[in-house]
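next come a sequence and a model predicted from it.
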Number of protein chains: 2
Amino acid sequence: MNTPRPIAILGGTGPEGFGLALRWAQAGETVIIGSRDAKRAQDAAQKIKQHVGPSAKISGSENIAACSAADLLVLTIPFEGHAALLKQLKPAIRPGSIVIDATVPLAASVGGRATRTLGVWQGSAAQQTAELAPKDVSVVAAFQNLGAELLNADGSVDCDVIVCSDDPNAGQVVRSLATKILGVRAIDGGKLENARILEQITALLIGLNIRHKGHSGIRITGLPQAAYDVM
Amino acid sequence: MNTPRPIAILGGTGPEGFGLALRWAQAGETVIIGSRDAKRAQDAAQKIKQHVGPSAKISGSENIAACSAADLLVLTIPFEGHAALLKQLKPAIRPGSIVIDATVPLAASVGGRATRTLGVWQGSAAQQTAELAPKDVSVVAAFQNLGAELLNADGSVDCDVIVCSDDPNAGQVVRSLATKILGVRAIDGGKLENARILEQITALLIGLNIRHKGHSGIRITGLPQAAYDVM
């Protein structure tokens, strides 16, 4: 069963957003790639259509237009553009939207290392989003730990996606979306405040990738079957 | 091949220390359980001997005595006793020792939640150890993410142990120790500063355990075979 609403991926021309768009288009979801530059967004959408086939329900548009056309919004932007994009999008975000934040506040955002994170006053990028977004939207932290290389490669993704939100219904919607990525299991990770740990895990995985020359991910072991949402 | 030196587990009568002692005794290592109370340490050692069999090379003694008798030291104490124990042990730590820190600065240490961590000025409990320990020892962060229930249960532990240290040789020794726990793969996680992420992962896993009623752990996927140290 497909999600009956389009997914707008803001900053969707970067490798992480592109990979998510690709996976969801493959799963039959309706995806809008958003970018500062409408032409780049359309080119990315076209590339995915060529890869997935003509039935792919994918399009590209400028970020604000993408945001206005969807109520499932995914933020896959570098942290340095995170707050600015949110402020710009704010008037276009529909009431009741779900804002899915995959952003990681890597120190690389300010010229530091991608293996370190910045301290964010609110606790995490996702909590910053909760502060900056309109009050009538639900913020969900997810997908930080899925490397772009894995998403953009063919085949199954050997990773779990931990989903954190203060809105259990929104969390459920996002876990369902996560399971549409081949191989992924989704796990309810509790409140949005736990996003700070998910974001830091990404820095650890980047460090492992550099050190060991791989494309690492995480799996959570030891939970009862019911804890894992699967396709 | 067994490690040719005894392993002293300070705070080894708690569930985490006891579990590590049990696993290493099962693997034929020489283990000294340390405790504030020598009698409790001896009782714990006796319990392990009964479980493993008379060939188990395990004993118990007061923390300082345990520390003086070994140069592989494992800290498995609640964070509230961490700095105080280190200061107490300091004169007894042999030059060239390896101090393995499994401590997690859970907010439970100050009456908060076990699903949250405290901010430690140095960045992590392990880095606090590096500051408090004598200069001529090597500090290694490891084992934070192995739940005590898993260690104390029979059978294979479905977890990876990420090992962080500024001393690659010490890290190697500890990875080798980790692989002696049935099922565990050890991974070089880089510098000691990354311990802060390992420590926070524990808080996440505790949250998952509470939410989903399990005994969770993590596996790292996607690295080349050579990145995983196995028995």
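Structure received.

what about A:Leu208, helix or strand, and which?
Secondary structure from DSSP states H and E places A:Leu208 in helix A:195-212.

quick check: next helix or strand after that helix?
Following helix A:195-212 toward the C-terminus (DSSP H and E): strand A:217-221.

around chain B, pick out the residues from chain A.
By the rule CB under 8 Å from any CB of the partner chain, the part of chain A lying against chain B is A:115-116, A:147, A:150, A:158-159, A:162, A:187-190, A:193-194, A:196-198, A:200-201, A:203-205, A:207-209, A:211-224, A:226-227. In this view, the C-beta of every residue, glycine as well, is placed from N, C-alpha and C.

filter those residues down to the buried ones, ChimeraX style.
Restricted to buried positions by 16 or more other CB atoms under 10 Å in any protein chain shown, the ChimeraX selection for those reads:
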select /A:115,116,147,150,158,159,162,187,188,189,190,193,194,196,197,198,200,201,203,204,205,207,208,209,211,212,214,215,216,217,218,219,220,221,222,223,227
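
now do the strands in chain A.
Assigned by DSSP state E, chain A shows strands spanning A:7-10, A:31-35, A:58-62, A:72-75, A:98-101, A:138-141, A:160-165, A:185-188, A:217-221, A:228-229.

for the longest one, output the C-alpha coordinates as CSV.
As requested, C-alpha coordinates have been extracted for strand A:160-165 and formatted as CSV (Å, rounded to 0.1, in the frame of the first residue of the first chain):
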residue,chain,number,x,y,z
ASP,A,160,17.7,-0.2,10.6
VAL,A,161,16.0,3.2,10.7
ILE,A,162,15.3,4.5,14.2
VAL,A,163,12.4,6.9,14.2
CYS,A,164,12.0,9.5,17.0
SER,A,165,9.0,11.8,17.4
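
quick one: it to strand A:217-221, angle?
80 degrees (axes from the mean of the first three to the mean of the last three CA atoms, to 10 degrees).

and the pLDDT at the residue nearest to A:Asn194 when sequence neighbours are not counted?
Excluding the flanking residues, the one nearest A:Asn194 by CB to CB, 6 or more residues apart in numbering or on different chains is A:Cys164, at 4.5 Å. pLDDT recorded at A:Cys164 is 98.

same question, A:Met231
Predicted confidence (pLDDT) for A:Met231: 88.

center of chain A - which residue?
A:Ala102 (3.9 Å; CA atoms, centre = their mean).

that one and A:Leu177, how far apart?
Applying CB to CB, to the nearest Å, the value for A:Ala102 to A:Leu177 is 12 Å.

so what's the residue lying closest to A:Ser35 once chain neighbours are set aside up against?
Distances taken as CB to CB, 6+ apart place A:Ala41 nearest to A:Ser35, at 3.9 Å, with adjacent residues excluded. The contact partners of A:Ala41, by CB atoms under 8 Å, 6 or more residues apart in numbering or on different chains, come to A:Gly12, A:Thr13, A:Ile33, A:Gly34, A:Ser35, A:Gly60, A:Ser61, A:Glu62, A:Ala66.

for chain A, just list every one of the helices.
Assigned by DSSP state H, the helices in chain A fall at A:15-26, A:38-52, A:63-68, A:82-89, A:125-132, A:148-152, A:168-178, A:195-212.

of all those, which lies closest to B:Ala8?
Nearest of the helices of chain A to B:Ala8, taken as CB to CB: helix A:195-212 at 28.5 Å.

where does the prediction get shaky in chain A?
For chain A, the stretches with pLDDT under 70 are A:1-4.

ok, 90 please
Residue ranges of chain A with pLDDT under 90: A:1-5, A:154, A:231.

I'd say A:Gln143 and A:Thr103 touch.
Rather than Gln, residue A:143 is Phe. No: using CB atoms under 8 Å, A:Phe143 is not in contact with A:Thr103; the gap is 9.6 Å.

which neighbours do these two have in common?
A:Thr76.

need the contact list for A:Leu132.
Counted by CB under 8 Å, 6+ apart, A:Leu132 has contacts A:Ala83, A:Leu86, A:Lys87, A:Lys90.

let's see 10 Å
A:Leu132 sits next to A:His82, A:Ala83, A:Ala84, A:Leu85, A:Leu86, A:Lys87, A:Leu89, A:Lys90, A:Val99, A:Gln122, A:Val139 when contact means CB atoms under 10 Å, 6 or more residues apart in numbering or on different chains.

would you mind measuring from it to A:Ala125?
From A:Leu132 across to A:Ala125, the span is 10 Å (CB to CB).

TSV for the strands of chain A, including distance to B:Val74?
As requested, these are exported to TSV (distance: least, CB to CB, whole Å):
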stretch	distance to B:Val74
strand A:7-10	46
strand A:31-35	49
strand A:58-62	53
strand A:72-75	41
strand A:98-101	38
strand A:138-141	34
strand A:160-165	29
strand A:185-188	30
strand A:217-221	23
strand A:228-229	32
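
run the chain-centre distance for stretch A:170-179.
Mean-position distance between stretch A:170-179 and its chain equals 11 Å (CA atoms, centre = their mean, to the nearest Å).

with stretch A:176-183 instead?
12 Å.

ok, now stretch A:124-144?
With CA atoms, centre = their mean, you get 12 Å for stretch A:124-144.

end to end, how far does that stretch reach?
One end of stretch A:124-144 to the other measures 12 Å (CA to CA, to the nearest Å).

got it, and stretch A:220-231?
17 Å.

sorry, back to before: is it true that the residue nearest to A:Asn194 touches A:Ala186?
No: using CB atoms under 10 Å, A:Cys164 is not in contact with A:Ala186; the gap is 11.3 Å.

shared neighbours of those two, anything?
Between them, A:Cys164 and A:Ala186 share these contacting residues under CB under 10 Å, 6+ apart: A:Ala142, A:Gly171, A:Val174.

kind regards, and thank you for your time.
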